[in-house]
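>>> Pasting the sequence and the predicted coordinates here, then a few questions.
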Amino acid sequence: MRHDAAPDLTALQRALIGLLADGRAHSGSRLAAALGLSRSAIWKAIHQLEALGLTVHAVPGAGYRLDAPLELLDAEVIRRALTPAARPLAGEIRVHECIESTNAALLAAAREGAPRGTVCLAEMQTKGRGRLGRIWHSPFAGNIYLSVLWSFSDSSVLGGLSLAVGAVLIRALRAAGVAEAGLKWPNDILWNERKLGGVLVEVTGETHGRVAAVIGIGLNCHLTAREAEAIDQAVVDLHGILGERVPSRNQLVAALLAELLPMLACFEERGFGAHIGEWRRYHVFDGRRARLELDTTAIEGCIAGVSASGTLLLDCDDGVRREFASGDVRLRPVSA
């Protein structure tokens, strides 16, 4: 088994999810008849789904139902929904049921010669990760875990790439109805200062030669209360923001790729400078006081935007304007 692989669903789990995906109640006897199993076998299979992170309710007199309707990702549906500008830029769209990490999978694929534009999606990650080695909670089929592979001539052209990614993602989200979506430097996607998603860019290749960048995107679509409690910061999901207006996951992936792929195709030529104005409009903490935590020290000041290379500009309390790369820096807004 490859290092980035994880067990796929069993045929029974896949079939049971298909029957329950509409979010309606299904009696144990009907599920048993449809799958050719005993009701006790259905009960055991239901508990296996709960182990994946799905919430299944046992409704007295009605049967079993999921906490919410569930839509599985479909590569062909996503490809058909891409805009004419994005469709030729998309390579193979790989959809995994369960994988350790979409970023890790594409980093391995890049080393094996996968072409730029390769897209990796997962219903569930067992070792999802965010910036600074944090765990990215990745329950089954509730959210979007998306990575895209792109190649560049040299690592020197990558300055500000993750910020440009953030800017076009906010553009896509606002078009989808998430009017208050914004950014927190360097890579958080926020709504009303609660975390809606994040970006993680990782690079493989020579320092002064052709490099491959893997752009990882995590977006909360539907978090249960239990999943939200497991995250160590204030979070929000699209279902909580938009209610019944929440887009289809497949349509949303296509909308994100429709903004992301054309940006990547032009980034080496245009750089972050082409996006810096848009990024600053979306940065919810621009002009506000903040504390930057670096290892065991902290520096306070007022955020003064970002440079053309994506470093944060901070007017420090000692009167000096300083630049900070993302690295191991943590940004914390503070009260004035």
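Sure, I can see it. Residues are numbered from 1 along each chain as shown.
>>> where does V165 fall, phi/psi-wise?
phi -60, psi -50 (degrees, to the nearest 10).
>>> I'd like the numbering to begin with 18 instead of 1 from here.
With the count now opening at 18, the last piece we talked about shows up as V182.
>>> Contacts only, for it.
Counting by C-beta atoms under 8 Å, 6 or more residues apart in numbering, V182 touches 216, 218, 232, 234, 277, 280. C-beta here means a position set from N, CA and C on the backbone, and glycine is covered the same way.
>>> ditto for L106
134, 278-279, 281-282.
>>> And the contacts of the least confident helix or strand in the chain by mean pLDDT?
Within the chain, confidence by mean pLDDT, DSSP states H and E is lowest for helix 242-246 among all helices and strands, at a mean of 74. With contacts defined as C-beta under 8 Å, 6+ apart, helix 242-246 is touched by 70, 72, 154, 156, 159, 252, 254.
>>> List the buried residues of the lengthiest helix in the chain.
Scanning the chain for the helix with the most residues, using DSSP state H, yields helix 266-287. Across helix 266-287, burial judged by 16 or more other C-beta atoms under 10 Å covers 266-267, 269-278, 280-282, 284.
>>> farthest-separated two in the contacts of helix 242-246?
Using C-beta to C-beta, the two most remote members of the contacts of helix 242-246 are T72 and V252, lying 16.8 Å apart.
>>> thought I187 was touching I206?
Yes - judged on C-beta atoms under 8 Å, I187 makes contact with I206 at a distance of 7.0 Å.
>>> shared neighbours of the two, anything?
Contacts common to I187 and I206, judged by C-beta under 8 Å, 6+ apart, are 198-200.
>>> What segments of the stretch 68-217 of the chain are helices?
Secondary structure of the stretch 68-217 of the chain (DSSP state H, counting those that start in this stretch): helices located at 92-98, 119-128, 178-192.
>>> what angle separates the last one from helix 266-287?
I take that to be helix 178-192. Interaxial angle, helix 178-192 versus helix 266-287 (axes from the mean of the first three to the mean of the last three C-alpha atoms, to 10 degrees): 140 degrees.
>>> just how off-centre is helix 178-192 within its chain?
12 Å (C-alpha atoms, centre = their mean, to the nearest Å).
>>> Just the C-alphas of it, formatted as CSV.
The C-alpha trace of helix 178-192 is given here as CSV (Å, rounded to 0.1, in the frame of the first residue of the first chain):
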residue,chain,number,x,y,z
LEU,A,178,1.1,32.4,-4.1
SER,A,179,-0.9,31.3,-1.0
LEU,A,180,-2.3,34.8,-0.6
ALA,A,181,-3.3,34.9,-4.3
VAL,A,182,-5.0,31.6,-3.8
GLY,A,183,-6.9,33.0,-0.8
ALA,A,184,-8.0,36.0,-2.9
VAL,A,185,-9.6,34.0,-5.7
LEU,A,186,-11.2,31.6,-3.3
ILE,A,187,-13.0,34.5,-1.5
ARG,A,188,-14.1,35.8,-4.9
ALA,A,189,-15.6,32.4,-5.6
LEU,A,190,-17.3,32.2,-2.2
ARG,A,191,-18.8,35.6,-2.4
ALA,A,192,-20.2,34.7,-5.8
